[in-house]
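Participant: 3D, please:
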Amino acid sequence: MTTPQSWPTDPRECHDLLSQFAQQVEDLQATTEDLRAALDQAAKLHDQAVQDRDQTIEELRQQIELYRRYVFGPRRERLVEAPGQGHLFEFEEVDLPIVPPTPPARDSKAPAKPRGSRKPDYDRLPQKRIEHDVPEAEKVCSCCGEHKARIGEDVARVLHFVPAHFELHIHILPKYACSHCRDGVTAPEPPPRPISGCIAGPGLLSELIISKFAEHLTLYRFEDISTRYGIYLSRSTLCDWVGKVADLLKPLYDLQKNLVLSASVLWTDDTPVKFLGGEAPGSHVGRFWPYIGPAPFPYDVYDFTENRKRDGPADFLKDFAGYLHADAFSGYDGIFTGSAGRILEVACWAHARRKFFDARSSSPAEASLILEMIQRLYEVEDRARPLDDAARRDLRQAEAVLILERLRSELDRLSAKLLPKSALAQAVTYALNQWKALCRYTEDGRLTIDNNVSERRVRDQAIGRKNWLFLGSEQAGPRAAVIYTIIAGAKRHRIEPWAYLNDVILQLTVDASPDALERLLPDRWAAAHPEHVLNHRLDESREKARRRDQRRAERRRSK
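Facilitator: As a prediction, this is how the structure comes out:
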């Protein structure tokens, strides 16, 4: 570095020296700017890392909270409100004439049918009379020595259980021939067998199917039960019988499938189940798909696929046209878009509500407001449920549409300010992506606000797979779908399943014509056999619905 004593005196050298100093200053300034920019960039990266860390911690906290509630907390998504607490917002009440559905005409002279008693009807049971008596010596009077006269009797009834038992029915088929001309032999026709060459009759096959698909017993347990009752039936034999019964029931399954697909409204869902077989070793995850028909076609039809690809429902619904209630499974998108408007999506508000319910821990105020609006939609449905289709649609158009408009504006407001990965933002995004389908239920009174009816239909598979764990082969899936369809028809119409299945197997053994199949449809069979309808189940369902409606009405009055 130059000092004052060494400064040059030549002006040209001074100019060069000043230029060097200026260049050094510029270099230092540039270095300073680079350092400042690097520090700013590092600060931004640090802030972003902190923000990402906090967001990850919040996501993990929400997941832990969700899992804790799933394991230890209540599953019900009910909002607990203080007594007398009103709504956060109100809508203008609309005076709409509500016309309940007209009850069927009934002869005024015919007396009203009394409600059946819930007490056990012991008189319908087989009765065994057991006589008890005192010793002969006690029948002589100790005072006068005369015989005592019988003046009456007391009756003590004891209900016993006799274990089930197998019976071997031996059919004798006599043969006749002419002893003179020897012109042939005459013999009666042998009784028809549900399974050719099989010793099992309709009653045994029905019990086997009911125990596995309705009571969720594994075949090895039925093997032990049969041994306890007197005969050993190997599980391989039982498995073969199940497959043959499914083949026998296939025509009735196809008829119900065609009737369901001819409806203009369907509900569907899916549930996983493991199965063995296939090209790859080990187990694979297949799917049961229930398709629920409306009241004019009251049948529940199951389908089985070896995966969750779109091909399964697309193939099943290729001839369907109308409204389809379903969840937001992406496989349905291609079905809706590829149908050219033939199949219309109806989304589920229960799925949308569940996401906002899970977001309450992180965003309690915003999520609670959305949940209350959804609750208002369900309150409209409570009042619309007993109405006919036209009145139900009018009520929704008058009240539910206003709530949906307010709800959409609130979702748009939240969408603009929330972090994209937060639980509430994901719930808002889900609702906005499904918005048109979520509002479609207001267009037609036959539609429902959610898809819960189909979710309830997969309970049998959910309970069953905890017992039998997996299906034995890829062929067992479609056969199980056939049997589940027949069992579901009995449950939907509250039919005693053994009586129904026993008669179906017996009738299909001798006649599988279209007329015979129509008579075996569960709704028609129940009408023809009222003695096999489980009236106590009907009473339970009606009483449960009455108490539910009463509780909801009381909650509405308290607001």
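
Participant: Count the residues that sit near Ala528.
Facilitator: Ala528 has 11 neighbouring residues, counting by other C-beta atoms under 10 Å. Bear in mind the C-beta positions are built from the backbone N, C-alpha and C, glycine included.

Participant: Arg221 now?
Facilitator: 16.

Participant: Just to be sure, it is in a helix?
Facilitator: Yes: checked against DSSP: H, G, I helix; E, B strand; the rest coil, Arg221 lies within a helix.

Participant: list the contacts for the residue nearest to it when sequence neighbours are not counted?
Facilitator: Nearest in space to Arg221, with sequence neighbours left out and distances taken as C-beta to C-beta, 6 or more residues apart in numbering, is Ser211 at 7.9 Å. Taking C-beta atoms under 8 Å, 6 or more residues apart in numbering, we find Ser211 in contact with 217, 221-222, 225.

Participant: Among those residues, which one lies nearest to Ala398?
Facilitator: Leu217 (51.0 Å; C-beta to C-beta).

Participant: Which residue, neighbours along the chain excluded, lies closest to that closest one?
Facilitator: Once flanking residues are discounted, Leu217 sits nearest to Ser211: 4.4 Å by C-beta to C-beta, 6+ apart.

Participant: what about the one you found, distance to Glu65?
Facilitator: With the distance defined as C-beta to C-beta, to the nearest Å, Ser211 ends up 41 Å from Glu65.

Participant: report the longest strand in the protein, please.
Facilitator: The residue-count maximum for a strand in the chain (DSSP state E) belongs to strand 283-292.

Participant: all helices for the stretch 351-500 of the chain, in order.
Facilitator: Applying DSSP state H, counting those that start in this stretch to the stretch 351-500 of the chain gives helices spanning 364-384, 389-395, 401-415, 423-433, 435-439, 452-456, 459-468, 476-492, 497-510.

Participant: For Val140, which of those is the nearest?
Facilitator: helix 497-510 (53.8 Å).

Participant: Could I get the buried residue list for that closest one?
Facilitator: Residues of helix 497-510 classed as buried: 497-509 (neighbour count, 16 or more other C-beta atoms under 10 Å).

Participant: I'd like to know which elements that helix is packed against.
Facilitator: helix 202-209, helix 235-261, helix 476-492, helix 514-519, helix 522-528 (3 or more C-beta pairs under 8 Å, 6 or more residues apart in numbering; DSSP states H and E).

Participant: Would you mind giving those as CSV with mean pLDDT added?
Facilitator: What follows is those, written out as CSV (pLDDT from 0 to 100):
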stretch, mean pLDDT
helix 202-209, 95
helix 235-261, 96
helix 476-492, 96
helix 514-519, 94
helix 522-528, 96
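
Participant: Could you look over the ones you listed and pick the most buried one?
Facilitator: helix 476-492 (a mean of 22; mean count of other C-beta atoms under 10 Å).

Participant: quick one: that one to chain centroid distance?
Facilitator: For helix 476-492, the separation from the chain centroid amounts to 14 Å (computed by C-alpha atoms, centre = their mean, to the nearest Å).

Participant: ok so, going back, is there a quick PyMOL command that grabs whichever of the contacts of Ser211 are buried?
Facilitator: Here is the PyMOL command that selects only those of the contacts of Ser211 that count as buried (16+ other C-beta under 10 Å):
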select buried, resi 217+221+222
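
Participant: can I assume the residue nearest to Leu217 sits in a helix?
Facilitator: Yes: Ser211: assigned to a helix according to three-state DSSP.

Participant: Could you check how far it is from Phe288?
Facilitator: In terms of C-beta to C-beta, Ser211 sits 19 Å off from Phe288.

Participant: cool, and Arg193?
Facilitator: For Arg193 relative to Phe288 (C-beta to C-beta), the value is 30 Å.

Participant: Looking only at neighbour counts, state which of those two leads.
Facilitator: Higher neighbour count among Arg193 and Phe288: Phe288, with 25 against 13, using other C-beta under 10 Å.

Participant: what residues are up against the closest residue to the more buried one other than its chain neighbours?
Facilitator: Once flanking residues are discounted, Phe288 sits nearest to Gln461: 4.9 Å by C-beta to C-beta, 6+ apart. By C-beta under 8 Å, 6+ apart, Gln461 lies in contact with 271, 273, 288, 484.

Participant: Give me the local confidence score for the second one.
Facilitator: We have a pLDDT of 94 for Val273.

Participant: Look up phi and psi at the nearest residue in space to Asn467 that is not next to it in sequence.
Facilitator: Nearest residue to Asn467, sequence neighbours excluded (C-beta to C-beta, 6+ apart): His216, at 4.6 Å. Per-residue torsions, His216: phi 60, psi 30 (degrees, to the nearest 10).

Participant: ok, His216 touching Leu469?
Facilitator: No: counting by C-beta atoms under 8 Å, His216 stays clear of Leu469, with 11.2 Å between them.

Participant: between the two, who's got more neighbours?
Facilitator: A side-by-side neighbour count of His216 and Leu469, using other C-beta under 10 Å, places His216 first with 17 against 11.

Participant: how close does that one sit to Glu455?
Facilitator: From His216 over to Glu455 the distance is 18 Å, taken as C-beta to C-beta.

Participant: Can you give me the pLDDT of the residue nearest to Tyr232 when sequence neighbours are not counted?
Facilitator: Take Tyr232 and drop its neighbours on the chain: the residue closest to it by C-beta to C-beta, 6+ apart is Ser226, 6.8 Å away. pLDDT recorded at Ser226 is 92.

Participant: what helices or strands is the helix or strand containing Ser226 leaning on?
Facilitator: Using DSSP states H and E, Ser226 sits in helix 219-228. Helix 219-228 sits against helix 235-261, with contacts defined as 3+ C-beta pairs under 8 Å, 6+ apart.

Participant: now for the following helix or strand past the helix it packs on, which elements pack on it?
Facilitator: The element immediately downstream of helix 235-261 (helix or strand, assigned by DSSP H and E) is strand 265-268. Strand 265-268 sits against strand 283-292, strand 322-325, helix 452-456, with contacts defined as 3+ C-beta pairs under 8 Å, 6+ apart.

Participant: contacts for the last one?
Facilitator: Here helix 452-456 makes contact (C-beta under 8 Å, 6+ apart) with 267-269, 290, 292, 325, 348, 350.

Participant: Isn't Leu217 up against Asn467?
Facilitator: Yes: when contacts are counted by C-beta under 8 Å, Leu217 is listed as touching Asn467 (7.0 Å).

Participant: can I assume Asp154 sits in a strand?
Facilitator: No: secondary structure of Asp154 (three-state DSSP): coil, not part of a strand.

Participant: what's around it, how many residues?
Facilitator: Asp154 has 5 nearby residues by other C-beta under 10 Å.

Participant: how close does Cys198 sit to Lys244?
Facilitator: 7 Å.

Participant: can you check His180 too?
Facilitator: Applying C-beta to C-beta to His180 and Lys244 gives a distance of 45 Å.

Participant: Ok, Val140 next?
Facilitator: Distance from Val140 to Lys244, by C-beta to C-beta: 68 Å.

Participant: same thing with Ser363?
Facilitator: Distance from Ser363 to Lys244, by C-beta to C-beta: 57 Å.

Participant: try Leu471
Facilitator: Counting by C-beta to C-beta - Leu471 and Lys244 are separated by 17 Å.

Participant: now swap in Arg354 and tell me
Facilitator: 42 Å.

Participant: for His529, same thing?
Facilitator: Taking C-beta to C-beta, one finds His529 at 25 Å from Lys244.

Participant: swap in Arg551?
Facilitator: Per C-beta to C-beta, Arg551 is found 48 Å from Lys244.

Participant: Check Arg555 too.
Facilitator: Distance from Arg555 to Lys244, by C-beta to C-beta: 53 Å.
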